[in-house]
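Chemist: Structure for this input, please:
(2 chains)
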Amino acid sequence: MTTDLAATLDVNAIDYTILGIYFAIVIAIGLLARRAVATSEDFFLSGRALPAWVTGLAFVAANLGALEILGMAANGAEYGIATVHFYWIGAVPAMVFLGLVLMPFYYSTRVHSVPEYLRRRFNAPTHAFNALSFAVASVLTAGVNLYALGLIIQSLLGWPLWLAIFVSAGFVLIYITLGGLSGAIYTEVLQFFVILAGLIPLVIVGLSAVGGWDGLKDKVTENTDLGASAFSQWGGTGVGDATNPLGDWIGIVFGLGFVLSFGYWTTNFAEVQRALSAKDLSAAQRTPLIGAFPKIFIPALTIIPGLVALVLIPQLGKEGGPTYNDAIPELMAKFLPNGVLGIALTGLLAAFMAGMAANVSSFNTVFTYDLWRPYVVKNRPDRYYLQVGRIITVIGIVIGIGTAFIAAGYENIMNYVQALFSFFNAPLFATFIVGVFWKRMTAWAGFWGLVSGTAAAILAYLSLNDKLGIPEIVFIESTQSRNFWGAIAAFVVDVVVTVIVTLLTKPKPIDEVKGLVWGVPDPDNPDAADAQNVRRWWESPKVLGFTALGITVVLSIVFL
Amino acid sequence: MSETEEKSASRNLFDLRWLIAGLFLLYGVVLILLGIFDSDAEIQKADGIRINLWTGIGMFVLGALFGLWSWLRPLRADAAPPLDTDA
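Modeler: Numbering: from 1, shown residues only, chains lettered A, B, ... in the order given. Predicted structure coming up:
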């Protein structure tokens, strides 16, 4: 995490004005979006009325938060272009799969959340287990995001940490409590464009200063410890003797590319929720597909600054020097004059807030629809649940603030917690994907698979990272590779338990799973007529999906 | 508390494109003006590139494109029946 930046940014009145205008607009979005909230579905799912370009950009922006931008630039400086694995193999295929294959199971069944899909496909215990673990994980993650945001404001602007935390939490509180998901999504789209407007000038100036792409290649190869391997994506990924910073190819392809990536993009409700707010099935399918295109090119805006910083910022990532996470802030301080500096600063702060807002807006939905309404206070009018949603938003943010202050005291613990939560999607994805494609899979197999997979994820994390004091069975050099293999282990345990329990228990009647599993269509599918109705060729999900995959393959070959 | 089923108000949601257009036109103008009057020191800081000016132009153009888009295709037209079936 960012702690000691060499110097705070040299911001002046113009930069603060640019920042102030943005936050005024964010409040305006909250106030204006409030007029569009009359029902709980308006609040939690934007009334399922948004166009695909809005939900698509929000889909990618919800992930373009704190850890993404600074963390990926840090990875770029530490690992070189192998970092694109997190985007090309680690995101795009999963986004295309979600759009083309899985989205109808979410959208056409009219579930309002990922946990609700589990309730319909399996049973209430599976639902409650997942809803509870998701709610806890997202509110704590929101707190960690808030802490990271507070740190960056502290180090860039010199504000005290507590003030930074309260001010940013206050803005998120206002626009989500007022505007609900529409407020969050509109802000995410706006933030997406502002962060691009901040990062693109940084890349241009940075590249110019090192003599272009070729100059960057020469200087990194000759002058840094990373050397020529910085420009090899797949070099050194042999199993057993991996020298690639991300480890061997099995870990990269199956751990990152399959389990972690598909788990995150297809079952993380903070992402799926954006697609569920789309106005029809076609728009919902296009949501992750439209998001895939920016995702392909974002690495240029994070990895290049990372490598430029490696060349130009003395002692980056070394004892006594700035950390890798400081790559982008250091370059901003070095290159950007007042004006563009304000834009970049605004984009960065907006991105941090959007990350937190995505957590909060998915948390309040799952809490209200999946915990409060089915298990605590049932059968009240819709207006009551809208009120609950607003109140729990406030409570969630207060817990987030508390978490942020705890994180400030025990930074290492929070890093572990965060790494741990990244494992939670691996078993969820296993249960989900088997449930979709295997109609015999039983309700209790859903529950026990998920519970044992989650336990395996926690155990794998603790033992692979030597947190239990037990001798390691296998030693894996790369931290990243340990995470990939841990995810694979959780996935396999979940699938094995699922199969065993399924064979021992009775499947649900086929009538109860129609529309929820592959090959058992729902005759009353509300989107049946809609599916054939592609108005323009470029709105076809297949065209979009395969174009995104094609571009990714070509780029992977070019930057092999 | 009324017992009648509430109606969705999602149609009241404003058009985000106007907001993007407004913000980027405003930021664009501010940066272009800054860029024109940038001192040599500021230009030198950005490796000799008039980065305020160029970023300002880029943001202004993006804002103008969003304005044009929402002007040519207002929200209501988007909700109208399918346009062409000749594909």
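Chemist: can you tell me how far the closest residue to chain A within chain B sits from residue A:112?
Modeler: Closest to chain A within chain B is residue B:10: 2.7 Å, counting by CB to the nearest CB. Glycine gets a C-beta too; all of them are placed from N, C-alpha and C. Remark: distance between residue B:10 and residue A:112 (CB to CB, to the nearest Å) = 14 Å.
Chemist: Can you tell me the element residue A:125 falls in?
Modeler: Assigned by DSSP states H and E, residue A:125 falls within helix A:124-157.
Chemist: tell me how far whatever helix or strand comes next after that helix is from the chain's mean position?
Modeler: Sequence order places helix A:161-209 as the next helix or strand after helix A:124-157, per DSSP H and E. Relative to its chain's centre, helix A:161-209 lies at 15 Å (CA atoms, centre = their mean, to the nearest Å).
Chemist: same check, this time on stretch A:203-220
Modeler: With CA atoms, centre = their mean as the basis, stretch A:203-220 stands 30 Å off its chain's centre.
Chemist: Same question for stretch A:403-412.
Modeler: Distance of stretch A:403-412 from the chain centroid (CA atoms, centre = their mean) equals 21 Å.
Chemist: now swap in stretch A:432-441 and tell me
Modeler: Centroid displacement of stretch A:432-441 relative to its chain, using CA atoms, centre = their mean, is 25 Å.
Chemist: hang on, the earlier thing: now the residue of chain B closest to chain A: closest residue in space, sequence neighbours ignored.
Modeler: Once flanking residues are discounted, residue B:10 sits nearest to residue A:47: 2.7 Å by CB to CB, 6 or more residues apart in numbering or on different chains.
Chemist: same check, this time on residue A:380
Modeler: Counting by CB to CB, 6+ apart, the residue nearest residue A:380 is residue A:373, at 8.0 Å.
Chemist: Model confidence score at that neighbour, please.
Modeler: For residue A:373, the model assigns a pLDDT of 95.
Chemist: Could you list the low-pLDDT ranges of chain B?
Modeler: Across chain B, residues meeting the criterion (pLDDT under 70) sit at B:1-5, B:76-87.
Chemist: Next, please give the residue ranges for the helices of it.
Modeler: In chain B, the helices defined using DSSP state H lie at B:16-36, B:40-45, B:51-72, B:75-79.
Chemist: Quick one: those as CSV, columns for mean neighbour count and distance to chain A too.
Modeler: Output for those, formatted as CSV (neighbours: other CB atoms under 10 Å in any protein chain shown; distance: least, CB to the nearest CB, whole Å):
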stretch, mean neighbour count, distance to chain A
helix B:16-36, 20, 4
helix B:40-45, 14, 4
helix B:51-72, 19, 4
helix B:75-79, 11, 7
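Chemist: Let's have those in CSV, adding distance to residue A:529.
Modeler: What follows is those, written out as CSV (distance: least, CB to CB, whole Å):
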stretch, distance to residue A:529
helix B:16-36, 28
helix B:40-45, 59
helix B:51-72, 29
helix B:75-79, 17
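Chemist: So for residue A:300, which of those sits nearest?
Modeler: helix B:51-72 (15.8 Å; CB to CB).
Chemist: What are the contacting residues of that closest one?
Modeler: When contacts are defined by CB atoms under 8 Å, 6 or more residues apart in numbering or on different chains, helix B:51-72 is touched by residues A:193, A:197, A:200-201, A:204-205, A:335-337, A:339-340, A:343, B:15, B:17-18, B:20-36, B:38, B:42.
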